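# build me a structure from this.
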Amino acid sequence: TAALSDLILPDHSFLETWAEALPESGSMTAVVSAAPPAMMPLHSTRSTPDVLLDVGRRLAQPLNLPWENFEGLLTETFTALPMTSTFDAWTDAQEKGGWWGTLPAALATPASAAAQAKPVTFTEPQFDGDAAQFPLHFLPYASSAFLDGSLAHLPWLQEMPDPLTSAMWSSWIEINPTTAAKLGVRDGDIVEVTSAHGSLRSAAIVSPGIAPDIVAMPAGQGHQTFTRYASGRGENPLELLAPLAEADTGSLAWAATRVRVSRVGDPDGRLILFAGGSREHEDKGR
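Residues are numbered from 1 along each chain as shown. Take a look at the predicted model:
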């Protein structure tokens, strides 16, 4: 999105700023975490919460929020939490990395209150795409190197071999051996994966670790504009996903898309493996 922006305000890295989280875990016990900066900022960046507080004071009709900075906001918020020991909640949270207990009514969100009151029920999974036309389930997953893709600009992570496939600097589609045999697909072959919302082409990796009715693909690659190391490298599995959300949480239903797979070409060098192959017999027993 930075390529489409008129104004870019560089933020601190996660090591240079206060971090906090109030996860909706579904647990009956609330968890509030906080972590201080681990280092001084290296560049002329500013924490996003500090920028927003500053902007609020500079508006034509100022918001007049009472906090000078994000640390002050966190301090006041944690101070309102019940004490869990001989220390106040803010001191306790800094020592332990967080606070857990029952949130006061003033701090509990509607979603957290509903989660505690609503009994857990099983809901049949729903998938996008006709099973006859799209017989396989598509499973994108967070890359062990790039997470959601925000770290793909780091060359040392690009060249780090994937723990299971040994792939580097590239993307791949994982296919079960039985499914691959039916499709005439071997390791490195180029396959086209198509959903009702898009298609992409990538190299296949035949893996016995995946179910026959599923194809999987790591997220993190496929950037159009993200430095010279990540731009134009690999494919983005999110381009195939249906715009479906989980009803209770509003989260993206990232595993709800059906696809079909077809072989479209021989290996073309786009798949880079640290190992010579993923099967022992391919290296003559070595």
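# pLDDT weak spots in the stretch 151-286 of the chain?
276-286 (pLDDT under 70).
# recalculate using a threshold of 90.
164, 225, 246-252, 275-286 (pLDDT under 90).
# just the strands from it, written as ranges.
According to DSSP state E, counting those that start in this stretch, the stretch 151-286 of the chain carries its strands in the segments 167-168, 172-175, 190-195, 198-206, 214-218, 257-265, 272-273.
# can you pull the buried residues of the helix or strand where Phe78 lies?
In this assignment (DSSP states H and E), Phe78 forms part of helix 70-79. By 16 or more other C-beta atoms under 10 Å, the buried positions in helix 70-79 come out as Phe70, Glu71, Leu73, Leu74, Thr75, Thr77, Phe78. For glycine as for every other residue, the C-beta is placed from the backbone atoms N, C-alpha and C.
# what is the neighbour count of the closest residue to Ser171 other than its chain neighbours?
Excluding its sequence neighbours, the residue lying closest to Ser171 (C-beta to C-beta, 6 or more residues apart in numbering) is Gly234, at 3.4 Å. Gly234 is flanked by 28 other residues according to other C-beta atoms under 10 Å.
# distance of Leu59 relative to Leu65?
11 Å (C-beta to C-beta, to the nearest Å).
# my bad, should have said Thr178
From Thr178 to Leu65 the distance is 60 Å (C-beta to C-beta).
# next, count neighbours for Glu20.
16.
# ok, it touching Leu73?
No: here Glu20 does not reach Leu73: they are 9.1 Å apart, not a contact under C-beta atoms under 8 Å.
# which residues are in contact with each of those two?
Counting by C-beta atoms under 8 Å, 6 or more residues apart in numbering, Glu20 and Leu73 have no common neighbour.
# related to what we said a few turns ago, mind putting the buried residues of helix 70-79 into a markdown table with pLDDT and distance to Pro125?
Converted to a markdown table, these look like this (pLDDT from 0 to 100; distance: C-beta to C-beta, whole Å):
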| residue | pLDDT | distance to Pro125 |
| --- | --- | --- |
| Phe70 | 93 | 40 |
| Glu71 | 93 | 43 |
| Leu73 | 92 | 40 |
| Leu74 | 91 | 39 |
| Thr75 | 91 | 44 |
| Thr77 | 87 | 37 |
| Phe78 | 89 | 39 |
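# alpha carbons of stretch 29-43, as PDB, please.
C-alpha atoms of stretch 29-43 as PDB (Å, rounded to 0.1, in the frame of the first residue of the first chain):
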ATOM      1  CA  THR A  29      -9.600 -15.300  31.700                       C
ATOM      2  CA  ALA A  30      -8.700 -12.000  30.100                       C
ATOM      3  CA  VAL A  31      -5.000 -11.400  29.100                       C
ATOM      4  CA  VAL A  32      -3.500  -8.000  28.600                       C
ATOM      5  CA  SER A  33       0.200  -7.900  27.600                       C
ATOM      6  CA  ALA A  34       2.700  -5.100  27.500                       C
ATOM      7  CA  ALA A  35       6.400  -4.900  26.500                       C
ATOM      8  CA  PRO A  36       8.700  -1.900  26.600                       C
ATOM      9  CA  PRO A  37      11.200  -0.900  23.900                       C
ATOM     10  CA  ALA A  38      14.300  -3.000  23.800                       C
ATOM     11  CA  MET A  39      16.500  -0.400  22.100                       C
ATOM     12  CA  MET A  40      16.700   3.200  21.100                       C
ATOM     13  CA  PRO A  41      15.400   4.100  17.600                       C
ATOM     14  CA  LEU A  42      18.100   3.900  14.900                       C
ATOM     15  CA  HIS A  43      16.400   6.400  12.500                       C
END
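# for Pro36, give me its contacts.
Trp18, Gln94.
# 10 Å - rerun?
With contacts defined as C-beta atoms under 10 Å, 6 or more residues apart in numbering, the neighbours of Pro36 are Thr17, Trp18, Ala19, Glu71, Leu74, Gln94.
# of the residues you listed, closest to Glu124?
Nearest to Glu124, judged by C-beta to C-beta, of those is Ala19 at 37.4 Å.
# ramachandran coordinates for that closest one?
Note on Ala19: its backbone torsions stand at phi -130, psi 140 [degrees, to the nearest 10].
# any idea what sits nearest it, other than its immediate chain neighbours?
Spatial nearest neighbour of Ala19, excluding adjacent residues (C-beta to C-beta, 6+ apart): Ala35 at 4.6 Å.
# do the same with Ala253
Here the residue nearest Ala253, using C-beta to C-beta, 6+ apart, is Leu244, at 4.1 Å.
# neighbours of that neighbour, just the number please.
Counted with other C-beta under 10 Å, Leu244 comes out at 15.
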